[in-house]
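1. Fold the following.
(one chain, ligands or ions: 1)
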Amino acid sequence: MKRDPIVSRPLIKMQRHLRTPVLFSLKIMADKSCSVRKNSVAIDGCTRNEQLLSPVRIGRHVIEDPVLLAPMAGITDAPFRKAVRKFGAGLVVSEMIASQELVTNRFDVRAKAEITSSDGLMSVQIAGREATWMAQAARMAEANGAEIIDINMGCPAKKVTSGYAGSALMRDLDHALTLIDSVVKSVEIPVTLKTRLGWDDAALNAAELAKRAEDAGVQMIAVHGRTRCQFYKGRANWSAVAAAKAAVSIPVIVNGDVTDARSAKEALKLSGADGVMVGRGAQGQPWVVSQIAAELKGQVFQEPSASEKRDLFLEHYSSMLDHYGVELGVRCARKHLGWMLDRRPEAAGTRAKLLRETDPERVVSQIKAVFETTHVAPTREAA
Ligand SMILES: Cc1cc2nc3c(=O)[nH]c(=O)nc-3n(C[C@H](O)[C@H](O)[C@H](O)COP(=O)(O)O)c2cc1C
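-> Residues are numbered from 1 along each chain as shown. As a prediction, the model looks like this:
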């Protein structure tokens, strides 16, 4: 599919603006052999016979293992998607893209919609309030190589909901449907929807939205088991997602607080959903999406060794500097380095220094040191 060359220009522009080289190479000898070794034994009580996961179809695409990466603004950029895909995730999604800003050519927003050669099957998530911007944004993403368009009706952030976008659309389903309808009609690729249980406990309308969206042509729905008014507080209510699942015949994906095979299994059981979506659980451990998929199938997933993790984080760091330019890349990478360190409590002593460091060469040395001087702390409970 032909890509819009304009989309890669903003990055170059941004890097020029920051007076950094367009391409920065740290000469990192990343080990590309971080591989998944699978045997078939029971993990967390999941056996092959349980059939917890079956392939789902989204238009012409078949997702063999519907354990999906959740869209996360500021996180699921091209470098992070690449790290997640490396372990075999079947579908990745962009950060939320503001539709009007995409169409009116805001360079940083266009950069977020960029699709890279490492993306594989890629969904671009758009957000907005106006049908005309949403339709145009969807067409642009399609022209640029997106294979699925996802509509955001779940973002709880005030700056989004105050513009009546994101989860605010759950308060006005008639209007939400005009957006869905215009997006579905404007592209040939499948359209999916990501939403929450409702605005608040008094308005749990995910099932109604799901049904109406299905009737309008949406081909998969992900439901975060919280209301907008909960933001990220409390526990996700996986049982409440069952109403949306019962209302439609398209695939429904349960989301919220799925961090490992055990929580995934419980979420699938309680919701009856066809798959799970993992967000914060993938921070600092991009292999976890594939790990959950393997373990739900009763396979052993060999977590990357310390040296494989070191190489993965070095490669991710290098990709971030290439993608954003050095100055911005160094800053954007800090949150990922923080999550990496969170999962290695033995490295707490180096945290402040590493996260303040501005010289990429020294960051690289410190990442290497973290993995040389510490050993892997268990990240998951034993089954
Ligand atoms: C930092 C952050 C950014 C997020 N950005 C988006 C977004 O751009 N689009 C979206 O639909 N949801 C977004 N979400 C919500 C997640 O996709 C997901 O629904 C939520 O985090 C619950 O899943 P989890 O418990 O697995 O993280 C974001 C969440 C976080 C924490």
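2. those helices in the stretch 51-200 of the chain, which residues are they?
-> 78-85, 99-103, 107-112, 131-143, 158-161, 173-186 (DSSP state H, counting those that start in this stretch).
3. which helices and strands sit right next to the third one?
-> The criterion is 3 or more Cβ pairs under 8 Å, 6 or more residues apart in numbering; DSSP states H and E, and the helices and strands that helix 107-112 contacts are helix 9-17, strand 92-98, helix 99-103. Just so you know, the C-beta spots here come from the backbone N, C-alpha and C atoms, and that holds for glycine as well.
4. same question, the last one
-> Judged by 3+ Cβ pairs under 8 Å, 6+ apart, helix 173-186 is in contact with helix 131-143, strand 148-153, strand 191-196, helix 206-216.
5. So what are the sheet partners of the second one and their directions?
-> Applying DSSP bridges, strand 148-153 is found paired with strand 122-127 (parallel), strand 191-196 (parallel).
6. what about those, which gets the closest to R226?
-> Among the strands paired with strand 148-153, strand 191-196 comes nearest to R226, with 5.9 Å by Cβ to Cβ.
7. Spell out which parts of this protein neighbour the ligand.
-> Contact residues (Cβ under 6 Å from any ligand atom) of the chain with the ligand: 70-75, 95-96, 125, 152, 154-155, 194, 224, 255-258, 278-281.
8. can you redo the helices of the stretch 51-200 of the chain as JSON lines with distance to A236, mean neighbour count and mean pLDDT?
-> Formatted as JSON lines, the helices of the stretch 51-200 of the chain follow (distance: least, Cβ to Cβ, whole Å; neighbours: other Cβ atoms under 10 Å; pLDDT from 0 to 100):
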{"stretch": "helix 78-85", "distance to A236": "21", "mean neighbour count": "23", "mean pLDDT": "96"}
{"stretch": "helix 99-103", "distance to A236": "27", "mean neighbour count": "23", "mean pLDDT": "95"}
{"stretch": "helix 107-112", "distance to A236": "26", "mean neighbour count": "19", "mean pLDDT": "89"}
{"stretch": "helix 131-143", "distance to A236": "27", "mean neighbour count": "22", "mean pLDDT": "97"}
{"stretch": "helix 158-161", "distance to A236": "19", "mean neighbour count": "15", "mean pLDDT": "85"}
{"stretch": "helix 173-186", "distance to A236": "22", "mean neighbour count": "19", "mean pLDDT": "97"}
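9. Just send those helices back as a markdown table, with distance to K368 too.
-> Formatted as a markdown table, the helices of the stretch 51-200 of the chain follow (distance: least, Cβ to Cβ, whole Å):
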| stretch | distance to K368 |
| --- | --- |
| helix 78-85 | 18 |
| helix 99-103 | 39 |
| helix 107-112 | 30 |
| helix 131-143 | 38 |
| helix 158-161 | 39 |
| helix 173-186 | 46 |
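10. Nearest approach to A333 belongs to which of the ones you listed?
-> Of all the helices of the stretch 51-200 of the chain, helix 78-85 comes closest under Cβ to Cβ, at 8.4 Å.
11. show me what contacts I149?
-> Taking Cβ atoms under 8 Å, 6 or more residues apart in numbering, we find I149 in contact with 123-126, 138, 141-142, 183, 187, 189-192.
12. how far does stretch 155-172 stretch from start to finish?
-> Using Cα to Cα, to the nearest Å, one end of stretch 155-172 lies 15 Å from the other.
13. if we can go back for a sec, so which of the helices of the stretch 51-200 of the chain comes closest to R351?
-> helix 78-85 (20.3 Å).
14. just checking, what packs against that closest one?
-> Using 3+ Cβ pairs under 8 Å, 6+ apart, helix 78-85 is in contact with strand 92-98, helix 306-324.
15. let's see it at 10 Å
-> Judged by 3 or more Cβ pairs under 10 Å, 6 or more residues apart in numbering; DSSP states H and E, helix 78-85 is in contact with strand 67-69, strand 92-98, strand 122-127, helix 288-296, helix 306-324, helix 326-342.
16. strand partners of the first one, parallel vs antiparallel please.
-> Using DSSP bridges, the strands paired with strand 67-69 in its sheet are strand 275-278 (parallel).
17. got any ranges where this protein has weak pLDDT?
-> Within the chain, the stretches with pLDDT under 70 are 1-50, 373-383.
18. Can you spell out the domain ranges of it, please?
-> Per the record, the chain has its domains at 48-296, 304-373, by automatic domain parsing.
19. Deepest in the core, which of these is it.
-> domain 48-296 (a mean of 21; mean count of other Cβ atoms under 10 Å).
20. so how far is that domain from its chain's centroid?
-> 8 Å (Cα atoms, centre = their mean, to the nearest Å).
21. Equivalent analysis for stretch 305-314, please.
-> 21 Å.
22. Contacts only, for A333.
-> By Cβ atoms under 10 Å, 6 or more residues apart in numbering, the contact set of A333 is 79, 313, 316-321, 323-324, 340, 355, 360, 363, 367.
23. now S319
-> 28, 30, 77-83, 116, 118, 329, 333.
24. How about the contacts made by whichever residue of the stretch 151-300 of the chain sits closest to the ligand?
-> Using Cβ to the nearest ligand atom, the single residue of the stretch 151-300 of the chain nearest to the ligand is G279, 2.7 Å away. For G279, the contacting residues are 68-72, 75-76, 224, 232, 255-259, by Cβ under 10 Å, 6+ apart.
25. Distance-wise, check it relative to K211.
-> 25 Å (Cβ to Cβ, to the nearest Å).
26. G284 now?
-> Taking Cβ to Cβ, one finds G284 at 37 Å from K211.
27. Kindly report the same for M96.
-> The spacing between M96 and K211, counted by Cβ to Cβ, is 24 Å.
28. do the same with D322
-> From D322 to K211 the distance is 44 Å (Cβ to Cβ).
29. Ok, E266 next?
-> Noted for E266: a distance of 25 Å to K211, by Cβ to Cβ.
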